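K.L.:
please find the sequence and the predicted model below.
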Amino acid sequence: MNRRRNRREPDGFADRLRREASRERPRFSLALHERILERLPGDVVIPGEAHAGATRSVAARRRAWQEVGLPVGLAALAAVVIAGFATRPDPADEPPRGAVVASIDPAGGDAVAGGVPPEASELGIDTVPTFDDLEAGVREGVSTLAATLLDVPEWRMLADFDAAGFLGPDAAP
Amino acid sequence: MALDSQSDDAMLARRAAGGCAASFSELARRYQVPVVHYVRHLAGRGRADADDVVQDAFLRAWRHIAAYDSRFAFSTWLFTIARRTWLNQTRATRRRRVREEAVAVAETRGSEAVTAAIATERATRLWQVARAELSEREFTTLWMRYVEDKPLAEIALVLDKPVATVKVILFRARRRLEPFVRDLAGWSE
């Protein structure tokens, strides 16, 4: 019984709520209406020629730049930087293009003559390193860095190492 | 363009979906006042903040006008967007702000020494009390029911809840607000 009575709307309840709301009912604001309409053309995403001539707001232009222009620009900049680092040799080591240079053959220690083909140093798609090249380069760099820091001697040098002399009294500084 | 009846809303919305800004302008003109009215009471704080919510709500409506289902009232769709816009913008701080603004009113609840002046002031702030004491969902349900005269089915759309749930929310909201309403001056008028 109480439950049924509680479900009933109290007398005058609705009228009171409506009356209170109507007291503070705002009037139509032309300024607000214009502000809304000012933002409409710049925010349109509906395709079609109906909005073809619409001018875009400053906010819309800023959004377009942030959403499209900025990522594209950053991506292009990153691509140029990566390509430059990956393909450009050290200027001090770079021989003149097409010139014959002298170098030491790492296998035999003899001086050999070699050259850099003109097309090999051209910046192009063929010279962009693959991921395997980059990975090999990184591994080589890590190995070189580790060897430099640890200064690990080669085994043939260890065979000639004079431990007694090293630990003897003459070895003291 | 003499388009004044409620039934024209669907046609205006269709035109707006085709890119007709003038049609959307007409819809915005028709429903600016009720949306502003609702959002200002819902926000319960600075008018500028509420107007920002209204602007963003209309812009969202413009962007997604093609998604409007003309089986329901355009105003219901607008209220739904306005409510969600406000929720998104103020979810973190709305409780604290509303309570701070209405604390003076809420503190007087149940006091035997309520003066006529205070009672009068409270009477003018009934919806502010409702906003402070009720959840946002309860407040919106009451508003849609008693101010906008929305049927339960359309309130269910605004809240994205089943009609049965809306009935429960409405019942709870009335029960929670009733003690405040009884204390108001002029209750027996």
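P.N.:
That came in fine, so what should we check first? Residues are numbered from 1 along each chain as shown, chains lettered A, B, ... in the order given.

K.L.:
is residue B:70 in a helix, a strand, or coil?
P.N.:
coil (DSSP: H, G, I helix; E, B strand; the rest coil).

K.L.:
the nearest residue to it once chain neighbours are set aside: which element?
P.N.:
In space, not counting the residues next to it along the chain, residue B:70 is nearest to residue B:10; the distance is 3.7 Å by Cβ to Cβ, 6 or more residues apart in numbering or on different chains. Where you see a C-beta, it was placed from the backbone N, CA and C, and this is true even at glycine. Using DSSP states H and E, residue B:10 maps to helix B:8-17.

K.L.:
who does the next helix or strand after that helix touch, helix- and strand-wise?
P.N.:
Sequence-wise, the next helix or strand downstream of helix B:8-17 (DSSP H and E) is helix B:21-43. Secondary-structure packing of helix B:21-43 (3 or more Cβ pairs under 8 Å, 6 or more residues apart in numbering or on different chains; DSSP states H and E): helix A:30-39, helix B:8-17, helix B:47-63, helix B:74-90, helix B:126-133, helix B:136-142.

K.L.:
which residues are in contact with the helix holding residue B:10?
P.N.:
Identification of contacts with helix B:8-17 by Cβ atoms under 8 Å, 6 or more residues apart in numbering or on different chains yields A:46, B:3, B:23-24, B:26-27, B:30, B:62, B:65-66, B:68, B:70, B:73-75.

K.L.:
switch to 7 Å and redo it
P.N.:
A:46, B:3, B:23-24, B:26-27, B:65-66, B:68, B:70, B:74 (Cβ atoms under 7 Å, 6 or more residues apart in numbering or on different chains).

K.L.:
so it versus helix B:47-63, what angle?
P.N.:
Going by axes from the mean of the first three to the mean of the last three Cα atoms, to 10 degrees, helix B:8-17 is angled at 70 degrees with respect to helix B:47-63.

K.L.:
which residues of chain A score low on pLDDT?
P.N.:
Applying pLDDT under 70 to chain A picks out residues A:1-11, A:41-67, A:87-129, A:147-173.

K.L.:
find the centremost residue of chain B, please.
P.N.:
In chain B, the C-alpha closest to the average C-alpha coordinate belongs to residue B:38, at a distance of 3.4 Å (Cα atoms, centre = their mean).

K.L.:
contacting residues for it?
P.N.:
With Cβ under 7 Å, 6+ apart, residue B:38 has these contacts: B:79, B:82, B:143.

K.L.:
before we move on, what about residue A:21?
P.N.:
B:127, B:147.

K.L.:
quick one: neighbours of residue A:70, just the number.
P.N.:
11 (other Cβ atoms under 10 Å in any protein chain shown).

K.L.:
would you mind measuring from it to residue B:65?
P.N.:
Taking Cβ to Cβ, to the nearest Å as the measure, residue A:70 falls 28 Å from residue B:65.

K.L.:
please apply the same query to residue B:166.
P.N.:
Counting by Cβ to Cβ, the gap from residue B:166 to residue B:65 is 26 Å.

K.L.:
before we move on, what about residue A:75?
P.N.:
Distance, residue A:75 to residue B:65, using Cβ to Cβ: 33 Å.

K.L.:
which two among the contacts of helix B:8-17 are spaced furthest apart?
P.N.:
Maximum pairwise distance among those (Cβ to Cβ): 20.3 Å, between A:46 and B:3.

K.L.:
who has more neighbours, those two?
P.N.:
Between residue A:46 and residue B:3, residue A:46 has the larger neighbour count (other Cβ under 10 Å), namely 17 against 14.

K.L.:
export only the CA atoms of stretch B:144-157, formatted as CSV.
P.N.:
Provided in CSV are the C-alpha atoms of stretch B:144-157 (Å, rounded to 0.1, in the frame of the first residue of the first chain):
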residue,chain,number,x,y,z
MET,B,144,13.0,15.9,-19.6
ARG,B,145,9.8,14.8,-17.9
TYR,B,146,8.6,18.0,-16.3
VAL,B,147,10.2,20.8,-18.3
GLU,B,148,10.4,19.3,-21.8
ASP,B,149,7.3,17.0,-21.4
LYS,B,150,9.2,14.2,-23.0
PRO,B,151,7.5,10.8,-23.0
LEU,B,152,9.4,8.0,-21.2
ALA,B,153,10.5,6.4,-24.4
GLU,B,154,12.3,9.5,-25.5
ILE,B,155,13.8,10.1,-22.1
ALA,B,156,15.1,6.5,-22.4
LEU,B,157,16.9,7.6,-25.6
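
K.L.:
need the contact partners of that stretch.
P.N.:
Contacts for stretch B:144-157 (Cβ under 7 Å, 6+ apart): A:14, A:17-18, A:21, B:34, B:72-73, B:76, B:79-80, B:141, B:158, B:162-163, B:166-167, B:170.

K.L.:
just the buried residues of these.
P.N.:
A:14, A:17, A:21, B:34, B:73, B:76, B:79-80, B:141, B:158, B:166, B:170 (16 or more other Cβ atoms under 10 Å in any protein chain shown).
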